[in-house]
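Participant: Below is the sequence, then the predicted model.
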Amino acid sequence: MLAIFLSVTYLLTLAVLSFNQYMPTMLFIFIISLNVLSFLFYLLDKYKAKNGYWRIKESTLHFLSLLGGWPGAAIAQQGLKHKNRKKSFQIRYWLTVMANIAVLTTLLYFSHGANKQW
């Protein structure tokens, strides 16, 4: 549940930042698109796992998370019950979440925070 809470909070925060022009609208749209894509990749991988097909590489799923699709991945992991029990996968997933938040926070700080009070 923590992952879902963080995901919703993160996406709402990005929406507010975009609406108040602290973040480019196109970046927000890109991140939302990555989240939809990430969810769909998890859905496809779950389907492939159930039906014995070649699976999507874990590195691909992590790459989508790192690019900004981690909330979609969290929702897929919880909602689809997919990749949510494998400890090594979860460690890498949470590292992508932390890296993504750190990079975005740094970018926002240097583009707005250094010169403006929030």
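Facilitator: Cool, the structure landed.
Participant: export stretch 104-112 as PDB, just CAs?
Facilitator: Coordinates of each C-alpha in stretch 104-112 appear next as PDB, following Å, rounded to 0.1, in the frame of the first residue of the first chain:
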ATOM      1  CA  LEU A 104      13.400  15.200 -10.500                       C
ATOM      2  CA  THR A 105      13.800  17.000  -7.200                       C
ATOM      3  CA  THR A 106      17.300  18.200  -8.200                       C
ATOM      4  CA  LEU A 107      16.100  19.400 -11.700                       C
ATOM      5  CA  LEU A 108      13.100  21.300 -10.100                       C
ATOM      6  CA  TYR A 109      15.300  22.800  -7.500                       C
ATOM      7  CA  PHE A 110      17.900  24.100  -9.900                       C
ATOM      8  CA  SER A 111      15.300  25.300 -12.500                       C
ATOM      9  CA  HIS A 112      13.100  27.100  -9.900                       C
END
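Participant: other SSEs contacting the helix ranked longest in the chain?
Facilitator: If you go by DSSP state H, the chain has its longest helix at helix 25-51. For helix 25-51, the packing partners by 3 or more CB pairs under 8 Å, 6 or more residues apart in numbering; DSSP states H and E come out as helix 2-19, helix 58-64, helix 70-79. For every residue, glycine as well, the C-beta is placed using N, CA and C.
Participant: any idea which of those helices is most buried?
Facilitator: The highest average neighbour count among those, using mean count of other CB atoms under 10 Å, belongs to helix 70-79 at a mean of 23.
Participant: Could I get the buried residue list for the helix or strand just after that one?
Facilitator: Note on helix 70-79: by DSSP states H and E, the next helix or strand toward the C-terminus is helix 87-108. Residues 92-93, 96-97, 100, 104 are the ones in helix 87-108 that count as buried (16 or more other CB atoms under 10 Å).
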